[in-house]
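In: Mind folding the following:
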Amino acid sequence: MKELYSFNIEREVEVKAPAVSKINGVLTESTQKVKKKIPYRIVVRKPTKHEIEDAEFFYSQKFNEFINFGFLTRAMLNKKMSNNGGIATKELTDAIQGLLTANADAQRIVEFYGAAKDLTDEQAAKLTEAKGTLALTQKQIFDYETAFNQQYNHTADIKAEQKLYEFFIFNFSFYEEELNGEKAMFPIFQGESYEDKRDFYLAISEDVEDIEDQELLKHKAIFDASFDRLIKVINIWYRNLGKTQKDIDAIIKAIEDAELPKEETPVEEAKRDQAEEPIEQKSENE
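Out: Sure, this is the predicted structure:
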């Protein structure tokens, strides 16, 4: 199995442990329940080119299904929003392109100077500045994507993209468990097809008190502890923002730690100025 990314989690369980108590001067052996943390390594398997093609075909199917259900496409909604002075403006597009350019320039500087052993003070300062720019632009690009997704949340594109991320997570997420010194890898989501795995996902998404099956409870605990990270990893990888464990970790850290400038960003300004009238979902012929 070729691994794209891995991280560690823990699951807390109750186990029976031997206990010795003294009753009337007599030592008595018994058992008691104690809490124990079981470690797991979560692994995202790296999809092959053929599997990526299958996933993109799946996306196309879902995209067409949502259009047939009456959802607008992103392009259709983008046109409506532009006509209404919404967020999808030329100024905003230029701002995003500027961020992408700055990000690429900073990446090249970090890769070039980061591999050098001896740097002058000027080169070291340039490397430090580039690292800061790289982290900041990655965070801002991610925020732009989030803002756009909020605007386009009910388009055929975003609905199909959500299904695509599900497809990757359902099919390429595994957990490694160790028992008696032996390690083995198991899929987090059980089932043969996407529909089977999604049914399993819905089952482990129920509240703990509503699940009686111990195997489901085990998978629920693993799922709850890992799902947020899995979403971030797939999102970063599929958008070509990071291809290795090191790159993905750096971007996740930038997303979580980098601080945006105090002034209002173009997205926030556009959203503030945007009319609050809801845009109705209409067919292309209307």
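
In: Which positions in the helix or strand containing Arg108 come out as buried?
Out: Using DSSP states H and E, Arg108 maps to helix 90-114. Buried residues in helix 90-114, defined by neighbour count with 16 or more other Cβ atoms under 10 Å: Leu92, Ala95, Ile96, Leu99, Ala102, Asn103, Ala106, Gln107, Ile109, Val110, Tyr113. Yep, even glycine has a C-beta here, placed from its N, CA and C like the rest.

In: of all these, which comes closest to Arg239?
Out: Of all these, Asn103 has the smallest distance to Arg239: 12.3 Å, by Cβ to Cβ.

In: pretty sure that closest one contacts Thr137?
Out: Yes. If you go by Cβ atoms under 8 Å, Asn103 and Thr137 touch, sitting 4.0 Å apart.

In: anything in contact with each of the two?
Out: Among the neighbours of Asn103, none is also in contact with Thr137 (Cβ atoms under 8 Å, 6 or more residues apart in numbering).

In: Please name the residues that touch Lys33.
Out: Lys33 neighbours (Cβ under 8 Å, 6+ apart): Glu14, Val15, Lys16, Ala17.

In: and the nearest residue to the last one once chain neighbours are set aside, bridged to which residues?
Out: Counting by Cβ to Cβ, 6 or more residues apart in numbering, the nearest residue to Ala17 once its immediate chain neighbours are dropped is Val34, at 4.7 Å. Beta-bridge partners of Val34, counted by DSSP bridges, are Val15.

In: Val34 against Val15, yeah?
Out: Yes. Counting by Cβ under 8 Å, Val15 is a contact partner of Val34 at 6.3 Å.

In: What distance separates the opening and closing residues of stretch 187-199?
Out: End-to-end distance of stretch 187-199 (Cα to Cα, to the nearest Å): 14 Å.

In: again with stretch 181-199
Out: 33 Å.

In: Buried residues in it, which are they?
Out: Neighbour-count burial for stretch 181-199, counted by 16+ other Cβ under 10 Å, picks out Pro187, Ile188, Phe189, Gln190, Tyr194, Lys197, Arg198.

In: quick one, phi/psi of the third one?
Out: By that I understand Phe189. phi -110, psi 120 (degrees, to the nearest 10).

In: Likewise for the fourth one?
Out: When quoted as degrees, to the nearest 10, the phi and psi of Gln190 stand at phi -90, psi 150.

In: ok, now how distant is the nearest residue in space to it that is not next to it in sequence from Lys220?
Out: Spatial nearest neighbour of Gln190, excluding adjacent residues (Cβ to Cβ, 6+ apart): Phe200 at 5.0 Å. If you measure Phe200 against Lys220 using Cβ to Cβ, to the nearest Å, the figure is 10 Å.

In: Please apply the same query to Ile234.
Out: In this view, Ile234 and Lys220 are 20 Å apart by Cβ to Cβ.

In: higher neighbour count, the two?
Out: Ile234 (23 against 19; other Cβ atoms under 10 Å).

In: give the contact list for that one.
Out: Val44, Tyr165, Phe168, Ile169.

In: Just the ones of the residues you listed in strands?
Out: Among the contacts of Ile234, DSSP state E puts Val44 in strands.

In: among the contacts of Ile234, which two are most distant?
Out: Val44 and Tyr165 (12.0 Å).

In: Between the two, which has more neighbouring residues?
Out: Using other Cβ under 10 Å as the criterion, Val44 and Tyr165 rank with Val44 on top: 23 against 16.

In: got the contact list for that one?
Out: For Val44, the contact set (Cβ under 8 Å, 6+ apart) comprises Glu3, Leu4, Tyr5, Ser6, Phe172, Ser173, Phe174, Leu230, Val233, Ile234, Trp237.

In: Can you show me the helices along the stretch 151-286 of the chain?
Out: In the stretch 151-286 of the chain, the segments counted as helices under DSSP state H, counting those that start in this stretch are 156-172, 194-204, 214-238, 245-257, 266-273.

In: No more questions from me, cheers.
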